[in-house]
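In: Take a look and give me a structure for this.
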Amino acid sequence: MHIPTRFIDIKKCCSMYISLVFLAFSFCALCVQPAYAMHISEGILPLKWAGLWYLVALPFVALGISHIKKRSAIQPVFKPFLGLMGGVVFIISCLPIPVPLVGTCSHPCGTGIAAIFLGPVMSIFIASIALFIQALFLAHGGITTWGANIVSMGIAGSFAGYTAFKLLRKCNASLFVCGFAAGLAADWATYAATSIELALALHNREPILRLFVTILAAFIPTQLPLGILEGFLTGGMIVFVHRRRPDILATLGVLNAG
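Out: Presented below is the predicted three-dimensional model:
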């Protein structure tokens, strides 16, 4: 399918975003041992909790598919752009930093930028595909924990990033600040949700709140700087697209036309 020229710049922007993230985190890959899987690993959650998160996640995935079909019928060029954003989320969320106390990894998410460009529901669908492929071929996450990972990275991350962006836009904050807040909120919300999922499933006789705080605290040394960095990258990309091709943001509904 031929992609109109107006969408070429966004491809360059996304490529730049991926490159910057990869360079920013590549030094981490040289310094750590691959001892921990990404996301919530296979077998971590009891089946009853894994099933519950499936029930929560799958309606959002189905809704995302419905939104994509409607949007693609109106804008045929939307599908290539959707695939491009899927690649962004997949690559960004494949950059791990192990968190030994939790048995998982910290990593940037990419759902903030996806939610800004596509909306939170389609961002959830993209995250679900990225997580599924990572579970199948990279042993990151798992099939039984796929639903839980969709809830944390897809649902919590996408809606947190989208809400932060929209609220700050209504407050007339600068585009960079809005993008920064979206990237930061999406990243941190993902790990807050992950901590809740783990605490609910694994607390046994320990108070849930205490275990939640313990898990969340274990993420802080890695996720605090990662969230800030993802905020800068997201804000920078939004500003870059706005300066180069503001019509793309208008076409996608990110900014009001005119």
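In: only C-alpha atoms for contact and neighbour calcs from this point on.
Out: OK.
In: tell me which helix or strand of the chain sits lowest on mean pLDDT?
Out: Every helix and strand in the chain was compared by mean pLDDT, DSSP states H and E; the lowest is helix 8-31, with a mean of 49.
In: which residues in the stretch 1-150 of the chain form strands?
Out: Secondary structure of the stretch 1-150 of the chain, counting by DSSP state E, counting those that start in this stretch: strands at 97-99, 104-106.
In: Give the closest residue to the residue nearest the centre of the chain in space, chain neighbours not counted.
Out: By CA atoms, centre = their mean, the chain has its centre lying nearest to residue 111, at 2.6 Å. Distances taken as CA to CA, 6 or more residues apart in numbering place residue 158 nearest to residue 111, at 5.2 Å, with adjacent residues excluded.
In: Who are the contact partners of the one you found?
Out: 111, 112, 114, 115, 119, 120, 121, 123, 124, 186 (CA atoms under 8 Å, 6 or more residues apart in numbering).
In: Doesn't it lie inside a helix?
Out: Yes. Judged by DSSP: H, G, I helix; E, B strand; the rest coil, residue 158 forms part of a helix.
In: And it, how close does it get to residue 126?
Out: Distance, residue 158 to residue 126, by CA to CA, to the nearest Å: 10 Å.
In: if we can go back for a sec, the residue nearest to the centre of the chain: what's it in contact with?
Out: So residue 111 contacts 89, 123, 124, 127, 153, 154, 157, 158, 161, 183, 186, 187 (CA under 8 Å, 6+ apart).
In: and the gap between the fifth one and residue 215?
Out: Put plainly, it is residue 153. 16 Å.
In: likewise the first one?
Out: Applying CA to CA, one obtains 24 Å for the distance of residue 89 from residue 215.
In: What's the local residue count around residue 57?
Out: Residues lying near residue 57 (other CA atoms under 10 Å) number 23.
In: Surely it and residue 152 touch.
Out: No. Contact criterion CA atoms under 8 Å: residue 57 and residue 152 do not qualify, at 9.5 Å.
In: Where does pLDDT dip in this protein?
Out: 1-38, 98-105, 256-258 (pLDDT under 70).
In: which helix is the longest one in it?
Out: Looking across the chain with DSSP state H, the single longest helix is helix 208-244.
In: same for it, what does it pack against?
Out: helix 8-31, strand 97-99, strand 104-106, helix 175-202, helix 246-251 (3 or more CA pairs under 8 Å, 6 or more residues apart in numbering; DSSP states H and E).
In: at 10 Å what do you get?
Out: Using 3 or more CA pairs under 10 Å, 6 or more residues apart in numbering; DSSP states H and E, the elements in contact with helix 208-244 are helix 8-31, strand 97-99, strand 104-106, helix 111-118, helix 175-202, helix 246-251.
In: List the buried residues for the last one?
Out: If I follow you right, that is helix 246-251. Residues 246, 247, 248, 249 are the ones in helix 246-251 that count as buried (16 or more other CA atoms under 10 Å).
In: and of those, the nearest to residue 165?
Out: Of all the buried residues of helix 246-251, residue 249 has the smallest distance to residue 165: 13.5 Å, by CA to CA.
In: And stretch 159-172, what's buried?
Out: In terms of neighbour count (16+ other CA under 10 Å), stretch 159-172 has its buried residues at 159, 160, 161, 162, 163, 164, 165, 166, 168, 169.
In: list the contacts for the closest residue in space to the fifth one that isn't next to it in sequence?
Out: Counting by CA to CA, 6+ apart, residue 182 is the residue found nearest to residue 163 once chain neighbours are left out, at 7.6 Å. Contacts here follow CA atoms under 10 Å, 6 or more residues apart in numbering; on that basis residue 182 touches 111-113, 115-116, 157-168, 176, 227, 230-232, 234-235.
In: show me the contacts for the closest residue to residue 130 other than its chain neighbours.
Out: Of all residues not flanking residue 130 in the chain, residue 90 sits nearest, at 4.9 Å (CA to CA, 6+ apart). Neighbour list for residue 90: 18, 84, 109-111, 126-131, 133-134 [criterion: CA under 10 Å, 6+ apart].
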